[in-house]
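**Q** coords please:
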Amino acid sequence: MTDQRYLEQPELHTKAPYRAALMTYPGNLRAALKDAQEDPKKTLFGVAQGMASVFVTKVLASTQPDFIWMDAEHAMFDRSSLYDAIQAAQHHSEGKSMVVVRIPKHDETILSTALDAGAAGIVIPHCDNAAEIKHLLNEIYYPPIGQRSFSPWTFTPGISDKSLYKGDPFNMGTSNKHIVVIAQIESVEGVKNVDEIAALEGVSALMFGPGDFMADAGLELKMGGEPHPTFAAAMGAFAGAGQKYGKPLFGAAMSMDMVPMMIQQGYRAIAVAFDMWGLSNLVHGSIAKGREYAQAAGATNGDAIPNGKAPPS
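**A** Residues are numbered from 1 along each chain as shown. Below you'll find the model as predicted:
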């Protein structure tokens, strides 16, 4: 460390190779996944956010993961909190962390909120066939690719309309080039049609939903252990489609020892932490350890309060 100004200390500058010109616009998740597809050493690692709190987002973003996956399908994000969380993630990570949002499938209001805030990835859950995805692709991309509506509230003319690309003053081109659509397969029907889904040009990555698939297939819902043959076959078809059509896989590791196998299967964006589970496990583990110490102390010293007297306050 020196007493030089910030610009004169480049070691303090966050390397954010995939950020947009403005951090209110989506980072280039498409390029990041392409680089990881070509070189597994560049696999993206992130965190899943299920606690609908902008403060939590800021804490997660301060660690500068490659991405933060916000689950607006099941977590209690409203439009305002989702919008603020997406932009907080990008600003508090200094442009390093891109945001992926899982939307409720039939909620185009949440979809437009995520896109206008600058989400770089959109997870479409419960994808059963290619036809139903095409409608949402039309809502996600601006012309000439789709028909996404342009928001006048995402820029100020002449002030916040900078772009990385020529002839793109309002960053419509930035969005079309950077945003990734991730189709989530989580039903027997979806696995049956996984090839046609993976073949769609507008789909850039695939995700599997093990819980919903097991429920739909009538299997016992469980995590870990020997997989049911039906589940194993579905995962094989899913990974095979990704490999066949050159689509990277996006998902979450229940434990860190799963990561090598996932990379081998074709996963190039892996959530390795969960905010809610991580906090619960931290508290649960600390309380359990404290009780162990208390039991050990009692076994060694007898009564916790000598001579029946309370300790001095």
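**Q** Assign the residue nearest the centre of the chain to helix, strand or coil.
**A** For the chain, the residue whose C-alpha lies nearest the mean C-alpha position (Cα atoms, centre = their mean) is Trp69; its distance is 2.0 Å. Per DSSP: H, G, I helix; E, B strand; the rest coil, the secondary structure class of Trp69 is strand.
**Q** Helices of the stretch 1-150 of the chain, start to end?
**A** Counting by DSSP state H, counting those that start in this stretch, the stretch 1-150 of the chain forms helices over residues 29-38, 54-62, 79-92, 108-117, 130-140, given from the N-terminal end onward.
**Q** Output the below-cut-off pLDDT ranges for this structure.
**A** 1, 301-313 (pLDDT under 70).
**Q** change it to 50
**A** Per-residue confidence of the chain (counting by pLDDT under 50) places the weak regions at 305, 308, 313.
**Q** Which strand runs longest in it?
**A** The strand of greatest length in the chain, counted in residues with DSSP state E as the criterion, is given as strand 267-274.
**Q** between the helix or strand that that one is followed by and helix 54-62, how many degrees?
**A** Sequence-wise, the next helix or strand beyond strand 267-274 is helix 275-301, with elements assigned using DSSP states H and E. Here helix 275-301 runs at an angle of 90 degrees relative to helix 54-62 (axes from the mean of the first three to the mean of the last three Cα atoms, to 10 degrees).
**Q** Helix 275-301: which residues count as buried?
**A** Asp275 (16 or more other Cβ atoms under 10 Å). C-beta: built from backbone N, CA, C; applies to glycine.
**Q** what packs against it?
**A** Helices and strands in packing contact with helix 275-301 are listed as strand 44-49; criterion 3 or more Cβ pairs under 8 Å, 6 or more residues apart in numbering; DSSP states H and E.
**Q** tilt between the strand it packs on and helix 54-62?
**A** With the same axes, to 10 degrees applied, the angle from strand 44-49 to helix 54-62 works out at 160 degrees.
**Q** Point out the other helices and strands that strand 44-49 packs with.
**A** If you count contacts as 3+ Cβ pairs under 8 Å, 6+ apart, strand 44-49 packs onto helix 29-38, helix 54-62, strand 67-71, strand 267-274, helix 275-301.
**Q** can you redo the ones you listed as JSON lines with distance to Lys222?
**A** Converted to JSON lines, these look like this (distance: least, Cβ to Cβ, whole Å):
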{"stretch": "helix 29-38", "distance to Lys222": "30"}
{"stretch": "helix 54-62", "distance to Lys222": "28"}
{"stretch": "strand 67-71", "distance to Lys222": "21"}
{"stretch": "strand 267-274", "distance to Lys222": "18"}
{"stretch": "helix 275-301", "distance to Lys222": "16"}
